[in-house]
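Colleague: missing the sequence, but the structure's below:
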């Protein structure tokens, strides 16, 4: 359940909807925070009844100075979801029309080439000690290889604890991933060897509850610290960056992993109708459509296999457009 304290007349409906979403497997953390801000807005607006009026919504969805389009879109979406939830209960709530919601640009992942990956890993290998992350020279080379080699989300990698890393079986246990789905991720022989060497350097006497990628305060290395290192490695590897929000992004290691897997399988003549469910499970996707988006992307990026993909597997390639690929 959310850790936020709601105070507006809508508090019961907000809390009930958050509970419903999370019970269905959605983390709903960011949306819960947006609903908390909406609850605060309702208090400041002077709401006295457990209803959502058109005037309240119109005031809430006004674009704020310097507000990113994605932030505004999220604010509109959460209040629309709340109104739909309340309407289903027979409670009066103004529903924002779909056509007024701003459409964000299609997210286009950056797929690293093998040469770019080699250059990035070379820079990660060359990093050295820094006070904020004393084990930086050990953490960064392995962390970025895990992101690519296992297709992990950065949050999943940073949440790993020693008990989740089984070096005997060579398997990572990803707990509470996206949609609260746990899964097992096998390590390649090379990654397993690197994990053994890493453990000797960073965790010779650590408790099983210690974070696999630790910060000096006993918690995990922060996403912000990893991002700073990522930008530094990109610059030293001479891989251009489009600026904040444009990429390449840390999450693109995961996209690259998926695309490289699919390209290799196509070139090897594998039956993708059999292999896509494997990739879906490996990545921890919620639905098959999430995974099949990578098939379209693979065909777009590699002209040498486009004809082969369309001829043999066109029936599983999603139409252009759609909801797009995950961004976190």
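Modeller: Cool, got the structure. Small disclaimer: the values here were computed from a predicted structure and weren't measured.
Colleague: what average pLDDT does the host helix or strand of residue 35 get?
Modeller: Using DSSP states H and E, residue 35 sits in helix 29-45. Averaged across helix 29-45, the pLDDT comes to 93.
Colleague: contacts for the following helix or strand past it, please.
Modeller: Next in sequence after helix 29-45, counting helices and strands by DSSP H and E, comes helix 54-60. Outside helix 54-60, the residues that touch it by CB atoms under 8 Å, 6 or more residues apart in numbering are 38, 41-42, 45, 47, 75, 79, 83, 94, 96. Using the backbone N, CA and C atoms, a C-beta is placed for each residue, glycine as well.
Colleague: show me the shaky parts of the stretch 101-250 of the chain.
Modeller: When residues are selected by pLDDT under 70, those of the stretch 101-250 of the chain lie in 101-107, 176-181, 243-246.
Colleague: which parts of it are helices?
Modeller: Assigned by DSSP state H, counting those that start in this stretch, the stretch 101-250 of the chain shows helices spanning 114-125, 136-149, 154-158, 189-202, 223-236.
Colleague: looking at the ones you listed, which is nearest to residue 9?
Modeller: helix 154-158 (34.3 Å; CB to CB).
Colleague: which strands or helices does the closest one pack on?
Modeller: With contacts defined as 3 or more CB pairs under 8 Å, 6 or more residues apart in numbering; DSSP states H and E, the packing partners of helix 154-158 are helix 136-149, helix 223-236.
Colleague: give me the contacts around it.
Modeller: Residues from elsewhere that reach helix 154-158 (CB under 8 Å, 6+ apart): 143, 146-147, 174, 177, 211, 213, 220-223, 226, 250-251, 284, 328.
Colleague: type out the ChimeraX command that picks the buried ones from the residues you listed.
Modeller: Remark: buried members of these, expressed as a ChimeraX selection using 16 or more other CB atoms under 10 Å:
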select :143,146,147,174,177,211,213,220,221,226,250,251,284
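Colleague: and the chain, what are its domains?
Modeller: Domains of the chain are assigned by automatic domain parsing as 11-100, 114-236, 252-316.
Colleague: report how many residues lie close to residue 218.
Modeller: 8 (other CB atoms under 10 Å).
Colleague: and for residue 287?
Modeller: Counted with other CB under 10 Å, residue 287 comes out at 9.
Colleague: who's in contact with residue 82?
Modeller: Residue 82 makes contact with 10, 13-14, 17, 35, 38, 52, 93, according to CB under 8 Å, 6+ apart.
Colleague: now do 7 Å
Modeller: Residues in contact with residue 82 (CB atoms under 7 Å, 6 or more residues apart in numbering) are 13-14, 17, 35.
Colleague: what's the answer for residue 48, then?
Modeller: Residue 48 makes contact with residue 9 under the criterion CB under 7 Å, 6+ apart.
Colleague: now the most far-flung residue of the chain relative to its centre: how far from residue 10?
Modeller: Taking CA atoms, centre = their mean, the residue of the chain most remote from its mean C-alpha position is residue 48, at 37.8 Å. To residue 10, residue 48 is 11 Å away according to CB to CB, to the nearest Å.
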